[in-house]
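J.: need a structure here:
(chains A and B, ligands or ions: 1)
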Amino acid sequence: MSITISRLATFRNEKPYPFCPGCGHGPVLDRLDEALVRLALDPARVVIVSDIGCSGLSDQYFATSAFHGLHGRSITYATGIKLANPELTVVVVMGDGGTGIGGAHLLSAARRNIGITVIVMNNLNFGMTGGQHSTTTPEGAITATTPGGNLEHPLDICATVGVNGAGYVYRGTSFDEDLADRIVAAIENPGFSLLDIWELCTAYFVRANRFSRRGIEQTMGELGFSPGVLYERDVAGYSAAYAAAQGGTANAPLGVAPQTIPTEFAHSLEEPATLLLAGSAGGKVRSAARVVAEAAIRAGLWVTQKDDYPVTVKTGHSLSQLTVSPQPEPLGPVTPPDVLVVLSDDGLRKVRPLLGSMHPDGVVVAPPDLAGVTTPAHVVLVDPSEAPVRIGKPALALSMASAAIAAAGWFDLAALRAAAACGPFAEQNTGAVEAGLALPHG
Amino acid sequence: MREYIDGATAIVRGALAAGCDFFAGYPITPASGILMAMMRDLPRTGGVAIQGEDEIASIGMCIGAAMAGSRAMTATSGPGISLYSENIGLAIMGEVPLVIVDVQRLGPATGGATTVSQGDVQFVRWGTAGGYPIIALCPTDVADCYRLTVRAFELAERFRCPVFLLTDKEVVMTPATVAADAFVPLPVPERTTADTGLPYEFVPAGDVPALHLIGDGAAVRFTGSTHDEGAFITKHGPTIEALNRHLAAKVDDHVAEITMMDHIAQAGAATLIVGYGVTAGAVASAVELSDSPLAALIVRSVWPVPEEAIRDALAGIDRVVVPELNLGLYRREIERLAGDREVVGVNRIDGDLISPQQILEATA
Ligand code: SF4
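T.: Reported below is the predicted structural model:
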């Protein structure tokens, strides 16, 4: 649809503001209206995202698109809107309260330089809920929740977003004659823009602290919070950066695209069977299990793979249990394995409780140095040093698993060779499988 | 031909098939696989994926993006659903089509990050203020993850509400063998939009008005406050009631349409097993292994509760067995439908799965 835009006289609707007499919100919204008129935007493509509190009512007095969400989260909705459609002009109107509860979003929006404009109507307290202190309440100020004076240091909103990369940062007051110009500049900056606009809450802060326009200027001075344009940077904005990065990957094959495995070999299993590889983190246990799984699938079996490892992944045990079945099997509880391959002390420690409950027909495959296992199952000692070629540490898991599969005789070993020969590690995997198959396995 | 894939991959594949073009999430085991796959693959399809600064930002971005025209999904686990809570309410109130994946892990609190559970089944239903209905689908295996993800997007469009894909650590993280033809191409769900008129419509018959997208046609208003059909805040009693009844009726009046359930009926069965999600496989095996006839229900659409279909399945039954990886959270839904029939639970909360044998012991 194409829209012809004729310059509007106002972006406001006919509704009068609901704010208390002397409240700063009305004047700030008037300056926002002036800025939008000057920018001559399509009102439908301007989105006023309001937060909660008296400032949260703001969107209802504009004929633009609007989004009124939850307290402190306005920046997150604005980010989503801008990411979805970077062509939209997105203006957040929030109070100082929102900078507290939504502090993480404020920081992240600045760091990301998401191309939205945030107007903070900063009246140094919560108005709508009854004049409680906020993140920007000056030390010593009296509020409904600091009857003896505020004990906390006020947040420097501008410095916070400024040092974290924001494209445009301005501090001023609702009385500023040139506020509309500043809002225009903020909207025109492609990065994250913030205007920290100090105002009077006549209902609460003014009454409790005999506060005034002069008080605003004085407080800024005492805190060393200078007014004016504090940061103005030539930044790209997140959406442009994203699009540029995306250009590099567009049309690359999807990681989730199907990778099919042919069923081309025979198996001899009549019942489900389980194979447990028990080794150490970094011992390529899971990838060895994956090769065996793919081999079993090539032999027409149905496999599931349960991995177990500590949360700190590079230390301690690493276990992979394969359930291999002639029919699809639902996921079930952990049971003692039919075939257990012990690869390291870490693995042995972890599976020791299972050894006693293994079936007498079960098999434990272990290297001679880990021979001290007590189990009703057969123990088959497989010595990796007897391989015709040296089996290095990275190959050990797959070599031992291959020896175990050869001993178990579940499926055609050609399936194992075919599975090893696939993928980016075909050479290493084939070497490990052949070395394992050449090992004497009792 | 077969595939060796996990539920996370299947969910992402389903989302992309359903036209998902926006994803935001925060890292959490066991849902991180979905986040990482989306961060890798979504840009390749022209979509946007972003890691939020926290869970609240992630679902917030999804809601904003959805209202600006994206088809959005987010994924987390129980701790993240806790942080989503208030925004789930916003998605209900603002009538946002949104798919939320909950990969359940053992709770409460941090609980067991890599430990399976079905402890969120009531939580997703009642996880936000007000008690208004949501839709939740429970995949039983990897292939189901794909199909139900697409269905979740369809239902989100159809009913303009958050739809949960309620799954768990085992289904999502366990690589499994799947017949390649389980991943049939599915059409992108239809989306009905309007570019003029009021953004909301409180249709008494429980119908769902077209979606008004920000940036598409006339100015669009959105609000999470109690509102009139123009999305202006209201305190007008009849309007408030019309809004709130509409939010409930649009889901509650369409239970039959939402219902997804497998009923294994057997002549002479006096015992019915009701299962969902990862325990469904053990339920089906138990029926097969049993010497005496057993009936079973695999509930895929756990919310809204398919009450009529469950009542039908209860005909001729005098004992119901409900296996769950929690202390009987969904059993209470069955109990209130079961009249004076005996309802027993098979409950496991030690981080492992229920076996068919355990279920059979309870049916005896
Ligand atoms: S309570 Fe304070 S912030 Fe709210 S409208 Fe009145 S003066 Fe303005």
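
J.: separation between the residue of chain B most remote from its centre and chain A?
T.: In chain B, counting by Cα atoms, centre = their mean, B:Asp291 sits farthest out from the average C-alpha position, at 34.3 Å. Applying Cβ to the nearest Cβ, to the nearest Å, the value for B:Asp291 to chain A is 19 Å. (C-beta placed from N, C-alpha, C; glycine too.)

J.: Could you confirm that residue falls within a helix?
T.: No. According to DSSP: H, G, I helix; E, B strand; the rest coil, the state of B:Asp291 is coil, so it is not within a helix.

J.: domain parsing for the chain?
T.: Picked chain A for this. A:5-245, A:273-437 (automatic domain parsing).

J.: actually it's chain B I care about, not the one you picked
T.: If you go by automatic domain parsing, chain B breaks into B:2-183, B:259-363.

J.: rewinding a little: out of the domains of chain A, which is closest to B:Asn326?
T.: domain A:273-437 (15.7 Å; Cβ to Cβ).

J.: Measure how far that closest one is from the centre of its chain, please.
T.: Relative to the chain's own centre, domain A:273-437 is displaced by 34 Å; criterion: Cα atoms, centre = their mean, to the nearest Å.

J.: ok, now stretch A:244-260?
T.: 20 Å.

J.: And the closest residue to A:Asp412 other than its chain neighbours, how far from chain B?
T.: With sequence-adjacent residues excluded and distances taken as Cβ to Cβ, 6 or more residues apart in numbering or on different chains, A:Asp412 is closest to A:Phe265, at 4.1 Å. Distance of A:Phe265 to chain B, computed by Cβ to the nearest Cβ: 13 Å.

J.: which SS state does A:Phe265 fall under?
T.: Assignment for A:Phe265 (three-state DSSP): coil.

J.: same question, the one 5 residues further on
T.: Secondary structure assignment for A:Glu270 (three-state DSSP): coil.

J.: Please identify the most buried of the domains of chain B.
T.: domain B:2-183 (a mean of 24; mean count of other Cβ atoms under 10 Å in any protein chain shown).

J.: Between the two ends of it, what distance do you get?
T.: Terminal residues of domain B:2-183 are spaced 10 Å apart (Cα to Cα, to the nearest Å).

J.: quick check: mean pLDDT across it?
T.: Mean pLDDT, domain B:2-183: 97.

J.: Ok, stretch A:402-418 next?
T.: Averaging pLDDT along stretch A:402-418 yields 96.

J.: Just the pLDDT for the residue in the stretch 251-400 of chain A that chain B sits nearest to.
T.: Of all residues in the stretch 251-400 of chain A, A:Pro330 sits closest to chain B, at 2.1 Å by Cβ to the nearest Cβ. The model reports A:Pro330 with a pLDDT of 93.

J.: so it sits in a strand?
T.: No. Counting by three-state DSSP, A:Pro330 is located in no strand; its state is coil.

J.: burial of it, as a residue count?
T.: The number of residues packed near A:Pro330 is 20, by other Cβ atoms under 10 Å in any protein chain shown.

J.: List the contacts of the residue nearest to A:Asp412.
T.: Applying Cβ atoms under 8 Å, 6 or more residues apart in numbering or on different chains, we find A:Phe265 in contact with A:Arg298, A:Ala299, A:Gly300, A:Phe411, A:Asp412, A:Ala414, A:Ala415, A:Ala418.

J.: For the residue nearest the centre of chain A, which non-adjacent residue is closest in space?
T.: Centroid check for chain A by Cα atoms, centre = their mean gives A:Ser108 as the closest residue, at 12.2 Å. Using Cβ to Cβ, 6+ apart and skipping residues adjacent in sequence, the residue nearest A:Ser108 is B:Glu53, 3.9 Å away.

J.: Now the one you found: phi and psi?
T.: With angles defined as degrees, to the nearest 10, B:Glu53 sits at phi -70, psi -20.

J.: if I look at it, how far off is A:Ala109?
T.: 9 Å (Cβ to Cβ, to the nearest Å).

J.: How about the residues of the stretch 201-350 of chain A by chain B?
T.: Residues of the stretch 201-350 of chain A that fall close to chain B, judged by Cβ under 8 Å from any Cβ of the partner chain: A:242, A:245-246, A:249-256, A:258-263, A:290, A:293-294, A:297, A:301-308, A:311, A:328-334.

J.: rerun at 6 Å
T.: Contact residues (Cβ under 6 Å from any Cβ of the partner chain) of the stretch 201-350 of chain A with chain B: A:246, A:249, A:252, A:254-256, A:260-261, A:293-294, A:297, A:302-306, A:330-334.

J.: from the residues you listed, which would you call buried?
T.: A:246, A:256, A:261, A:293-294, A:297, A:302-306, A:330-332, A:334 (16 or more other Cβ atoms under 10 Å in any protein chain shown).

J.: Which stretches in the chain count as helices?
T.: Here I'm looking at chain A. A:25-39, A:74-84, A:96-101, A:103-112, A:157-163, A:179-188, A:205-209, A:213-223, A:238-247, A:285-298, A:345-355, A:393-408, A:413-420, A:426-437 (DSSP state H).

J.: Correction: the question concerned chain B.
T.: Using DSSP H, helices in chain B cover B:7-17, B:32-41, B:55-67, B:78-93, B:123-126, B:142-159, B:169-173, B:237-252, B:255-258, B:280-289, B:307-313, B:331-335, B:356-363.

J.: helices or strands next to the first one in the packing?
T.: Pointing back at helix B:7-17 there. helix B:32-41, helix B:142-159, helix B:169-173 (3 or more Cβ pairs under 6 Å, 6 or more residues apart in numbering or on different chains; DSSP states H and E).

J.: now the first one against helix B:7-17, angle please.
T.: Relative orientation of helix B:32-41 versus helix B:7-17 (axes from the mean of the first three to the mean of the last three Cα atoms, to 10 degrees): 40 degrees.

J.: near the ligand, which residues of the stretch 51-200 of chain A?
T.: Counting by Cβ under 6 Å from any ligand atom, the positions of the stretch 51-200 of chain A adjacent to the ligand are A:Cys54, A:Asn123, A:Gly127, A:Met128.
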